[in-house]
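**Student:** got a predicted structure here, sequence first:
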Amino acid sequence: MNVEVKHVTFSIHDKQLIDDICLQVQKGELVGLIGPNGSGKSTLLKNMYRVLKPDNGWITLDGRDMLRMKYKETARQMAVVSQDAPQTFDFSVRDIVLMGRHPHKKLLEADTAVDYELVEQALKRVGMDTQAEQSFATLSGGEKQRVLIARALAGQANFLMLDEPTNHLDIRYQLQILDLVKALQVTTLAALHDLNLAALYCDRMYVLQEGKVVASGITEDILQPNLLRSVFGVETEVCIHPKTGKPNITFLPDSLRREEAIHDAN
Ligand SMILES: Nc1ncnc2c1ncn2[C@@H]1O[C@H](COP(=O)(O)OP(=O)(O)OP(=O)(O)O)[C@@H](O)[C@H]1O
């Protein structure tokens, strides 16, 4: 699925949170959305998954105006994994993943063997099949995140939106989930804070600052010390890692730079 955001703006109480944003995610791409806290990443994604409604602009899915589509149709086309796990009553892990099948069903239509098979496959892929009967509410933050990814997989969406999908995950699952998403080759837009992880997995990136896109391009061009200094206010050294072939960022703390300055002065 090709996804396009054209000149989207959004404000709350006269505060412009999203300002004339244009972006594209081509079929099969994994595109990163990076930017400091409060730069508008979640707000943009919420406009895209229809929790918020843009003041202006268009969002198209394969050229069709998403805002004119029925909610159920957009729910079939796209899945969202957001940073906040939903508050649920006492649903099992399997029930939560089965909910990913709901947009494909008519009112009161029973779940089928195909639905259950897709759910089992999705649970296996995120390593949660052995906890399928456990209450979702009792899971750890990382386990909840993996179940929500499984729900998105079971829904067979053509477009995935991930808002900090690896929040709460230990490093093994951070890598595993992004490996999994990458292997799916589903069109994906992911807000990511960990720039080294983003570097490993994203084909392209958009950089947000104060609600605007301030840079976009392939990962190697974006993750440069000058841009990281101006957007995040940090000093870095960036090299291309010999094994991954991707940018690898070393962050240089202020204390180190002060020590270096003292050393140079002496
Ligand atoms: N309902 C709201 N009312 C007022 N301001 C809001 C509201 N929702 C978000 N904001 C503000 O909009 C700005 C963008 O927030 P948003 O959550 O989109 O940023 P973000 O880039 O996702 O940040 P983070 O990296 O911290 O998750 C922030 O300054 C936030 O305080």
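**Tutor:** Good, I have the coordinates. Residues are numbered from 1 along each chain as shown.

**Student:** how about the residues of the protein near the ligand?
**Tutor:** 12, 15, 17, 35, 37-43 (CB under 6 Å from any ligand atom). In short, each C-beta sits where N, CA and C put it, glycine included.

**Student:** for the stretch 1-150 of the chain, which segments count as helices?
**Tutor:** 41-48, 71-77, 93-98, 113-125, 141-154 (DSSP state H, counting those that start in this stretch).

**Student:** quick one: the worst-scoring helix or strand of the chain on mean pLDDT to chain centroid distance?
**Tutor:** Counting by mean pLDDT, DSSP states H and E, the chain has its least confident helix or strand at helix 254-265, which shows a mean of 74. When distances are taken as CA atoms, centre = their mean, to the nearest Å, helix 254-265 is centred 37 Å away from the chain's centroid.

**Student:** in PDB, could you pull the C-alpha coordinates for it?
**Tutor:** Only the C-alpha atoms of helix 254-265 are listed here, as PDB (Å, rounded to 0.1, in the frame of the first residue of the first chain):
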ATOM      1  CA  ASP A 254      28.700  17.000  27.900                       C
ATOM      2  CA  SER A 255      31.000  15.800  30.700                       C
ATOM      3  CA  LEU A 256      33.300  14.100  28.200                       C
ATOM      4  CA  ARG A 257      33.500  17.200  26.100                       C
ATOM      5  CA  ARG A 258      34.300  19.400  29.100                       C
ATOM      6  CA  GLU A 259      37.100  17.000  30.100                       C
ATOM      7  CA  GLU A 260      38.400  17.200  26.500                       C
ATOM      8  CA  ALA A 261      38.300  21.000  26.500                       C
ATOM      9  CA  ILE A 262      40.300  21.100  29.800                       C
ATOM     10  CA  HIS A 263      42.800  18.600  28.400                       C
ATOM     11  CA  ASP A 264      43.200  20.700  25.200                       C
ATOM     12  CA  ALA A 265      43.600  23.900  27.200                       C
END
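
**Student:** tell me where the stretch 151-266 of the chain has helices.
**Tutor:** 171-184, 195-201, 219-222, 225-232, 254-265.

**Student:** report the contact partners of Leu123.
**Tutor:** Leu123 makes contacts with 93-94, 97, 129, 132, 147, 150, as judged by CB atoms under 8 Å, 6 or more residues apart in numbering.

**Student:** let's see 10 Å
**Tutor:** 93-94, 97, 129-132, 146-147, 150-151, 153-154 (CB atoms under 10 Å, 6 or more residues apart in numbering).

**Student:** need those residues in TSV with pLDDT, can you?
**Tutor:** What follows is those, written out as TSV (pLDDT from 0 to 100):
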residue	pLDDT
Val93	95
Arg94	95
Val97	95
Asp129	94
Thr130	96
Gln131	96
Ala132	96
Arg146	87
Val147	91
Ala150	91
Arg151	92
Leu153	90
Ala154	93
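
**Student:** now the buried members of those residues.
**Tutor:** 93-94, 97, 129, 131-132, 146-147, 150-151, 153-154 (16 or more other CB atoms under 10 Å).

**Student:** from those, which is closest to the ligand?
**Tutor:** For those, the closest approach to the ligand (CB to the nearest ligand atom) belongs to Arg146, at 20.2 Å.

**Student:** quick one: distance of stretch 133-142 to the chain centre.
**Tutor:** For stretch 133-142, the distance to the chain centre is 21 Å (CA atoms, centre = their mean).

**Student:** average pLDDT across that stretch?
**Tutor:** Confidence for stretch 133-142, expressed as mean pLDDT, is 89.

**Student:** show me what it is in contact with.
**Tutor:** 83, 85-97, 128, 131, 143-148, 166-170, 172-174, 177.

**Student:** repeat that for 8 Å
**Tutor:** 85, 88-96, 131, 144, 147, 167-170, 173.
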